[in-house]
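# Sequence and predicted model, in that order:
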Amino acid sequence: MVPLPVPGRNKKMLTAPGETVRRARKQRREMSLPEIILWRVLRQRPGGLKFRKQHPAGFYVLDFFCAEVKLAIEIDGEVHARGDQPAFDQRRDAQLALYGIATLRIPASDALRNLDAVVIHIIEAVRARLPLHHLPEEANGPPPPAGEELKGRPCP
C-alpha cells in the first residue's frame, strides 16, 4: 500500500504514469465544444497567466491547469451531476488537494452561454492564489522595499 502524501508537505507535482499521459494526449484531440471554446481564450494567456490543456496529474487528466498556482479548471457537463459521478469528483478533488492542487469546477453550459464571465472568474481564482509579490501594484499588493520605489527613474 502506497502512503498518502501529508497535506501541505508534499510540494512535488504529481507525476503521471504512461497510460495517463497517453489518455491526456488522446483527450487533447477529442476536447468537448465548451473546452475548445474556453481553450481558445486561455491559450492567449489572459491576465498574463499560462494554462495547460488536458494536463496529466497522477492518474487523472485535468481539463485545464495553471501550474503557477496549482489550480485545476474542470468543465463539467451534465454527466457530472448524475449517478456516482458527484462522489467520484469529490474524491478526485480531495486527492488532488493533498498535493496542493485546488479545483475550480465550471458548468459546461456557463462556458457556452457566458464565456467572458467564465474567463473573468478563472482569472480571479488564479489571482487569489498568487503570492502578493506576483500581484500588480494596482491590486493593492505590499509596498515596494525602501529605496526601490525610484527604480527605473532618474534621481532628482
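Alright, I've got the coordinates.

# in what helix or strand does P56 lie?
In the assignment (DSSP states H and E), P56 maps to strand 52-57.

# Pull up the pairing partners for that strand, direction included.
Here strand 52-57 is paired, per DSSP bridges, with strand 60-66 (antiparallel).

# Moving C-terminal from the partner strand, which element do we reach first?
Next element after strand 60-66 (DSSP H and E): strand 71-76.

# Tell me the buried residues in stretch 22-34?
23-24, 27, 31, 34 (16 or more other Cβ atoms under 10 Å). C-beta here means a position set from N, CA and C on the backbone, and glycine is covered the same way.

# Looking at the residues you listed, which are in helices?
In this view, those that belong to helices under DSSP state H are 23-24, 27, 34.

# Contacts for the longest helix belonging to the chain, please.
Counting residues, the longest helix in the chain under DSSP H turns out to be helix 115-129. Residues external to helix 115-129 that are found in contact with it (Cβ atoms under 8 Å, 6 or more residues apart in numbering): 37-38, 41-42, 46-47, 49, 66, 68-71, 73, 102, 104, 106, 110-111, 135, 139.

# Likewise for stretch 22-33?
With Cβ under 8 Å, 6+ apart as the test, stretch 22-33 has contacts from 16, 39, 53-56, 61, 75, 77, 108, 112.

# Pick out the lowest-pLDDT one from those residues.
pLDDT across these is lowest for A16, at 70.

# Distance check, that one against A128.
27 Å (Cβ to Cβ, to the nearest Å).

# And those two? Which one has more around it.
Using other Cβ atoms under 10 Å as the criterion, A16 and A128 rank with A16 on top: 18 against 11.

# Could you pull up phi and psi at that one?
Taking degrees, to the nearest 10, you get phi -120, psi 140 for the backbone angles of A16.

# N114 too?
The phi/psi pair for N114 (degrees, to the nearest 10) reads phi -140, psi 70.

# For burial, what's the neighbour tally of it?
Neighbour number of N114 under other Cβ under 10 Å is 12.

# what's the answer for A97, then?
A count of nearby residues for A97, using other Cβ under 10 Å, gives 14.

# where's it relative to I75, distance?
When A97 is compared with I75 (using Cβ to Cβ), they lie 19 Å apart.

# Then N114?
For N114, the distance to I75 (Cβ to Cβ) stands at 13 Å.

# Tell me where the model's unsure across this protein.
For the chain, the stretches flagged by pLDDT under 70 are 1-14, 80-81, 133-156.
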